[in-house]
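[1] Task: produce atomic coordinates for the following.
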Amino acid sequence: MLRKMPGANINKNGELTGIAQYRGVFGDRISVAVDGAQISGAGPNAMDAPLSYAPVALLESLTINRGIAPVSSAQETIGGYIQANTYSGEFGVGNGFEFAGRTYFGTQTVNEGMVASGFFSMANRNHLIRGFVMNESADDQEFPGGKILPSEYERERFDLGYSFRTGDHEFSIDLARNNTGDAGTPALPMDIQAIDSDLFRSKYIYSGAGGTLTAEFFGSDNEHWMTNFHLRRPPQDNPMSPGRMRFRQTFAASENLGFNLKYEQYAGNGTWMYGLDGHFTDHEAIVTNPNVGPFFLYNFNDTQRDILGAFVELSLSLGSNMGLDAGVRYNRVSMDSGDIGSNQNPKNMPMGMPVMMNNMSSMLANEFNNSDRSQTDNNLDWFARLSLGADNGLIWYLGAARKTRSPSYRERYLWTPMESTGGMADGKTYIGRVDLDPEVAHELELGFDFDGQIFSVYPRLFYKDVSDFIQGTPATNMVVNNLAMMMSNMGMGAPNPLQFNNTDATFYGFDVEARYELSSQCTLRAIANVVRGERDDINDYLYRVSPDNLILALDYYADDWLISLEGITYADQDRISVTNLEQTTDGYTLLNLSGIVGFAAGAELRLGVENLLDEDYFDHLAAYNRAFNPDIAARTRMPGLGRNVYGRLMCYF
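    Next comes the predicted model:
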């Protein structure tokens, strides 16, 4: 779905591990909310990225704030804002309770995937009780040259919720249990063994004559286990290190609490909005070896990242053809970390590589523990967008903004060279920097909307200059470099580590969406995206930026069915990051065919074929293979998926 939105794309590290990208920016720089809740996953490599908590069987809508996001949408929106809403049912119309529901069944051939779910509700005009269950699983994915190992997955989901409304008041509360089992992430050094998440959210809305008050509270408790041996081939013996000494298992956990308070006040020529919000997170991760009990390495220990924000925003009409949206936000970001440590010489050897590694690790741990880990940033954001209508149906838009982002807990508190990078998946080891400065972006956007009777087009030009952009640069600490080299010699990680540092960067380009009515039943639509991401401190491009791409589709509508033929073209990508050892990719074109049939009984059937011609290609955003696979060489580009025939059946009752 993201790939079919102007400016958007996705970085895939596994079938359940997709990281949103917008106009070349991805990861923590994009704010993602699921039903209004911010979710900071447990995985330090974003194996449970926020959108993974909105499974497609439950998804009702996926929305991107195109261009500059309002300050009211979320706290840190330097890279944009995405909102996923799940299906919650509907109130009834009378006093008596009525039973309703929705079932969803899906299957696909590329990995023999299956999904089945049911949504059930009891409701009248005042009360709505709802429940949801889902189970999905798949085997390894196929591509024209073989299989992607490991890429299997399994997941189940259970939801229970209640809503109440009377007069001007509405209240809801929802609980969810999201359990992911074995799931392969071949572009990362480990695979998912389990992710167990408990989610909570509640919402209160008061709609009065003068305005609307909204209060939201949310939280989650996420536990995550991962290994480098249970799905992929375990580490093999080598002269430097026996294989069983390199078995690794990681336990990671996160806790989230947050709130949003907003009051939208109606004015004669628009609205004013006032808000307070907060998001408080705690992370930890420990690496162990199941074969050697005393071995441990605290990746993160009691790392805290708390944000308190306040904003004012307006949306006003300045005349019959002119409008203004503007706002200002203040965020206070407080971060801290507990002490860390490790034991990488569990057998108490008197000499040798484990001793040297343990000594260097102790030096880095002492340096980290003696540093001032308590950091506070005071960040100011603002935005303004002017709209101007014309008599010919054009609406022009001019926007400007200042957006900020404080470092993630990984960028600030990664104390030893590791690949805990929020899913960057470049194969490099990184180390953090406690005293990083916040990123500050100044951006401009220009475009227009034209809605004609048979032709519509919505182009946007954008330019974003980011000061103190957080980017990995070659590490200069000799202890870090020597430790990374020893780890590489033992078959763990890569030499020449990077350190997160403040640099400067620029993003610019354009995206456009257009539609042309060939007839009352036939429509031609197109989406084109061009983005550039460049380092300003050195002559280099930024890593994992989407290639230029174009979607052309022909839709044919009938009374109760629709059929679409879609061509997706990606250009060569040779604007690559030398710093991140990025590899070029060739361009390709895929053909997709899909159809939808609606039935009077309240059912909808979707059928389709993706990659109709079984094209052999490489997805530039799919990173590199990290698992043993006779069909894919180590550390080479992950291949794109082969032909996929799928079906989806949704029934309402």
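[2] For the longest helix seen in the chain, buried residues please.
    Across the chain, the longest stretch assigned as helix under DSSP state H is helix 353-369. Residues of helix 353-369 classed as buried by neighbour count (16 or more other CB atoms under 10 Å): 353-354, 357-358, 360-361, 364-365, 368. Heads up, the C-betas are built off the backbone N, CA and C, glycines and all.
[3] what about the closest residue to Asn238 other than its chain neighbours, how many neighbours?
    Counting by CB to CB, 6 or more residues apart in numbering, Gly491 is the residue found nearest to Asn238 once chain neighbours are left out, at 5.7 Å. When neighbours are counted by other CB atoms under 10 Å, Gly491 registers 15.
[4] so what's Phe105 up against?
    The contact partners of Phe105, by CB atoms under 8 Å, 6 or more residues apart in numbering, come to 115-117, 648-650.
[5] Per-residue pLDDT of it, please?
    Phe105 is assigned a predicted lDDT (pLDDT) of 98.
[6] One more: Pro242?
    81.
[7] Need the single longest strand in this protein, by residues.
    Among the segments of the chain that qualify as a strand by DSSP state E, the longest is strand 292-317.
[8] Tell me how far that strand lies from the chain's centre.
    Here strand 292-317 shows a centroid-to-chain-centroid distance of 15 Å under the convention CA atoms, centre = their mean, to the nearest Å.
[9] Summarise which helices and strands it is packed against.
    Using 3 or more CB pairs under 8 Å, 6 or more residues apart in numbering; DSSP states H and E, the elements in contact with strand 292-317 are strand 249-267, strand 270-289, strand 322-336, strand 342-343, helix 409-413.
[10] picking up where we left off before, state the mean pLDDT of the longest helix of the chain.
    Here helix 353-369 scores 92 as its mean pLDDT.
[11] how far off strand 292-317 does that helix point, in degrees?
    40 degrees (axes from the mean of the first three to the mean of the last three CA atoms, to 10 degrees).
[12] which element follows helix 353-369 toward the C-terminus?
    The helix or strand immediately downstream of helix 353-369 is strand 375-389, counting by DSSP states H and E.
[13] mind listing what that next one pairs with, with the direction of each?
    Neighbouring strands of strand 375-389 in its sheet, by DSSP bridges, are strand 322-336 (antiparallel), strand 394-405 (antiparallel).
[14] Tell me which of these sits nearest to Pro438.
    strand 394-405 (5.1 Å; CB to CB).
[15] neighbouring contacts of the closest one?
    28-29, 67-68, 76-79, 331, 377, 379-390, 438-450, 460.
[16] need the contacts of Phe105 in TSV with neighbour count, pLDDT and distance to Gln521, can you?
    Compiled in TSV, the contacts of Phe105 are given as follows (neighbours: other CB atoms under 10 Å; pLDDT from 0 to 100; distance: CB to CB, whole Å):
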residue	neighbour count	pLDDT	distance to Gln521
Val115	19	98	32
Ala116	16	98	34
Ser117	23	98	33
Arg648	19	97	23
Leu649	17	97	25
Met650	17	96	24
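[17] for the stretch 301-450 of the chain, which spans come out with low pLDDT?
    Across the stretch 301-450 of the chain, nothing is flagged by pLDDT under 70.
[18] let's see it at 80
    In the predicted model, the stretch 301-450 of the chain carries pLDDT under 80 at residues 346-354, 391.
[19] If the residue nearest to Ser342 when sequence neighbours are not counted is in a bridge, with which residues?
    Counting by CB to CB, 6+ apart, Ser342 lies nearest to Leu297, which is 4.0 Å off, once chain neighbours are set aside. For Leu297, the beta-bridge partners are Val287, Ser342 (DSSP bridges).
[20] Look at Leu297 and report its pLDDT.
    pLDDT, Leu297: 96.
[21] ok so, going back, and the contacts of Phe105, which is closest to Asp198?
    Comparing the contacts of Phe105 against Asp198 with CB to CB places Ser117 closest, at 19.0 Å.
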